[in-house]
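# sequence and computational prediction follow.
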Amino acid sequence: MSLVQVDNLSVRYGAKTVLSHVSLRIERGEIVTIVGPNGSGKTSLLRAIIGAVKPANGHILCAKSLKIGYVPQKLHIDETLPITTSRFLKLPGGFTPADKAQALVWAGVPDLAKAQLSQLSGGQFQRVLLARALIRKPHLLLLDEATQGLDQRGSASFYQQIERVRHETGCAVLMISHELHVVMSASDRVICLNGHICCEGTPAVVASAPEYTALFGTGTGGALALYQHEHDHGHDHGDQIHDQPKAAE
Amino acid sequence: MLDDFMVRASLAGIGVAFAAAPLGCFVVWRRMAYFGDATAHAAILGVALSLAFSMSIFVGTMTVALLMALTVSVLSGRGYAMDTLLGVLAHSALAFGLVAVSFISGVRIDLMAYLFGDILAVSRGDLFVIWSGAAVVVTLIGFRWSALLTATLNEDLAYASGINPKREQLVLTLALAITVAVAIKVVGVLLIAALLIIPAAAARPLSRTPEGMAIAAGTIGMLSTIVGLRAAFVLDTPAGPSIVCISALTFLATSVLRGFRPQR
């Protein structure tokens, strides 16, 4: 069965409906990207899946003993709370030192175990959040605009890391992103959300769908094509890939 | 040994410091300082009710403190800023408590003992209550430590790990009510928040991990109790406030220490 099956989900905050009649499935090992304008209910959808908001209607079915790794949009570590990367990764517990080391490698920050979280740069911090999500060896990785505050180069390399992780661990990925041209090439499926599901399909299908164009304009089409070209050549280009979006601008 | 009032006072203070250390850390991390204050102020209403219905002070204060904390939890996020809400509830509970106490005739009440504590008058029975309460608080927080910490860092992270942050908040609220109830005898309602916050804040510059900070806070709290009591004895000063003064001086010392050390 699917990892997650969302049926006819509606979410309300007070009188305000943020999601209505959303149905979707996440299958094992696929990368699904949710795109949509601000306030389109993207974060609410993820929060409903982790159980942080109760559906007003509909329901969410998760596979038995589904393990979710969640990377939140923003995480503020209070200055008064001393905590090392190492300790943070082990919350809420039950992991061996080997798990920890492996998670840091997957996230691309093997050297940060002893650092204080408050001393990390934005990019390092996002990767530590990713490591914490990966340490549970999740079946499903949820990323909520995980590259906020990173420059284009940083976020491109972050998403490359995600693809590598998917390749190595076989986990499914459901992510939200604003950087359409960066993430769409890495996705198997794209869901365009605006309170409801406007359109969905492969990146190429969605990018040419009239609903998508109505929301985002046609500007991203060219960049997407460029990216897909790169993408066809595999994942071992290293820095070359980072440089492409700049050329497209 | 327990016949000596100074020994009983020290043990009472150490018991409270023991419970206040891990709880105080969470109060600091979650920015609940004013919340702790409000809960403590409400306890004076509990004192009045206990006397009126002649039940144990511990039960009365704990009940009112718990009700107060739950009220704040329920009302928060409903149109008032948290500090306004706490300000209204804390001071009205204190005022109603003081008024209620004045209605109780027949019993001569030493109000000062409840406002500022009377650690030198701690009995064996009080000691038992304090240490039982402290043991419950430390056990409760110890068992929930990782879950509490995860929920403190980020509620959504907690949900994703299968932890309900609302339940963890309730654990802290309960621990806070128990701590307030046992600490009244030691420092009184006006200074309870000081015992929670100051040792934890003083421990911050010395710590690299949450656990380290809780242990450092406990050590600072216990040392402050011992040194503060000794100072009160020698200088003939009020005992509860003297303990708080010593932890405040420790806070000053560790803050200065941090200033001289490279950031880590």
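Nice, I can see it.

# output the longest helix along chain A as PDB, restricted to C-alpha atoms.
Looking across chain A with DSSP state H, the single longest helix is helix A:152-169. What follows is helix A:152-169, C-alpha atoms only, in PDB (Å, rounded to 0.1, in the frame of the first residue of the first chain):
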ATOM      1  CA  GLN A 152      21.100  29.300  -4.900                       C
ATOM      2  CA  ARG A 153      24.300  27.400  -4.800                       C
ATOM      3  CA  GLY A 154      23.600  26.200  -1.300                       C
ATOM      4  CA  SER A 155      20.100  25.100  -2.000                       C
ATOM      5  CA  ALA A 156      21.000  23.300  -5.200                       C
ATOM      6  CA  SER A 157      23.600  21.300  -3.400                       C
ATOM      7  CA  PHE A 158      21.100  20.700  -0.600                       C
ATOM      8  CA  TYR A 159      18.600  19.200  -3.000                       C
ATOM      9  CA  GLN A 160      21.400  17.100  -4.600                       C
ATOM     10  CA  GLN A 161      22.100  15.700  -1.100                       C
ATOM     11  CA  ILE A 162      18.400  14.800  -0.800                       C
ATOM     12  CA  GLU A 163      18.500  12.900  -4.100                       C
ATOM     13  CA  ARG A 164      21.600  11.000  -2.900                       C
ATOM     14  CA  VAL A 165      19.900  10.200   0.400                       C
ATOM     15  CA  ARG A 166      16.800   8.900  -1.500                       C
ATOM     16  CA  HIS A 167      19.100   6.800  -3.700                       C
ATOM     17  CA  GLU A 168      21.000   5.300  -0.700                       C
ATOM     18  CA  THR A 169      18.200   4.800   1.800                       C
END
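
# surely residue A:77 is within a helix?
No - the assignment for residue A:77 (DSSP: H, G, I helix; E, B strand; the rest coil) gives coil, which keeps it out of a helix.

# list the contacts of it.
Neighbouring residues of residue A:77 by Cβ atoms under 8 Å, 6 or more residues apart in numbering or on different chains: A:83, A:117-118, B:153. To be clear about C-beta, it is placed using only N, CA and C from the backbone, and glycine gets the same treatment.

# check what pLDDT residue 118 gets.
No chain was given, so I picked chain A. What the model reports for residue A:118 is a pLDDT of 86.

# actually chain B
Looking at residue B:118, its pLDDT stands at 87.

# OK, contacts around it?
With contact set as Cβ under 8 Å, 6+ apart, residue B:118 has these partners: B:110, B:185, B:188, B:240.

# surely the last one meets residue B:120?
No - assessed by Cβ atoms under 8 Å, residue B:240 is found out of contact with residue B:120, at 9.3 Å.

# what does chain B have sitting close to chain A?
B:28-29, B:31, B:146-147, B:149-150, B:152-161, B:163, B:201, B:204, B:207-213, B:263-264 (Cβ under 8 Å from any Cβ of the partner chain).

# phi first, then psi, for residue B:94.
Dihedral pair for residue B:94: phi -60, psi -50, per degrees, to the nearest 10.

# again, but for residue A:182
phi -80, psi -50.

# how about residue A:80, nearest residue that isn't a chain neighbour?
Once flanking residues are discounted, residue A:80 sits nearest to residue B:28: 5.0 Å by Cβ to Cβ, 6 or more residues apart in numbering or on different chains.

# just the pLDDT at that neighbour, thanks.
Predicted confidence (pLDDT) for residue B:28: 94.

# what residues of the host helix or strand of it count as buried?
Element membership for residue B:28, per DSSP states H and E: helix B:5-29. Residues B:8-29 are the ones in helix B:5-29 that count as buried (16 or more other Cβ atoms under 10 Å in any protein chain shown).

# going by proximity to chain B, name the top residue of chain A.
Nearest to chain B in chain A, going by Cβ to the nearest Cβ, is residue A:70, at a distance of 3.4 Å.

# how far away is the nearest residue to residue A:29 once chain neighbours are set aside from residue A:28?
Spatial nearest neighbour of residue A:29, chain neighbours left out: residue A:170 (5.1 Å); criterion: Cβ to Cβ, 6+ apart. From residue A:170 across to residue A:28, the span is 7 Å (Cβ to Cβ, to the nearest Å).

# which other helices and strands contact the lowest-mean-pLDDT helix or strand in chain B?
With mean pLDDT, DSSP states H and E as the measure, the helix or strand of chain B carrying the lowest mean pLDDT is helix B:111-116 (a mean of 83). Applying 3 or more Cβ pairs under 8 Å, 6 or more residues apart in numbering or on different chains; DSSP states H and E, one finds that helix B:111-116 contacts helix B:33-52.

# of the contacts of residue B:118, buried ones?
B:185, B:188, B:240.

# what are the buried residues along the host helix or strand of the first one?
Read it as residue B:185. In this structure, residue B:185 is located in helix B:165-187 according to DSSP H and E. Neighbour-count burial for helix B:165-187 flags B:165, B:168-169, B:171-187 (criterion: 16+ other Cβ under 10 Å).

# for that helix, name the packing helices and strands.
helix B:5-29, helix B:33-52, helix B:57-75, helix B:124-153, helix B:155-160, helix B:192-203, helix B:239-260.

# now do it against helix B:5-29, angle only.
Helix B:165-187 and helix B:5-29 are oriented at 150 degrees to each other (axes from the mean of the first three to the mean of the last three Cα atoms, to 10 degrees).

# residue B:113 and residue B:186 touch, don't they?
No - here residue B:113 lies out of contact with residue B:186, judged by Cβ under 8 Å, at a distance of 11.1 Å.

# so what's the nearest residue to residue B:133 once chain neighbours are set aside up against?
Excluding its sequence neighbours, the residue lying closest to residue B:133 (Cβ to Cβ, 6+ apart) is residue B:182, at 3.7 Å. Applying Cβ under 8 Å, 6+ apart to residue B:182 gives the contacts B:15-16, B:19, B:58, B:129-130, B:133-134.

# which stretches of chain B have low pLDDT?
For chain B, the stretches flagged by pLDDT under 70 are B:1, B:77, B:105-109, B:261-264.
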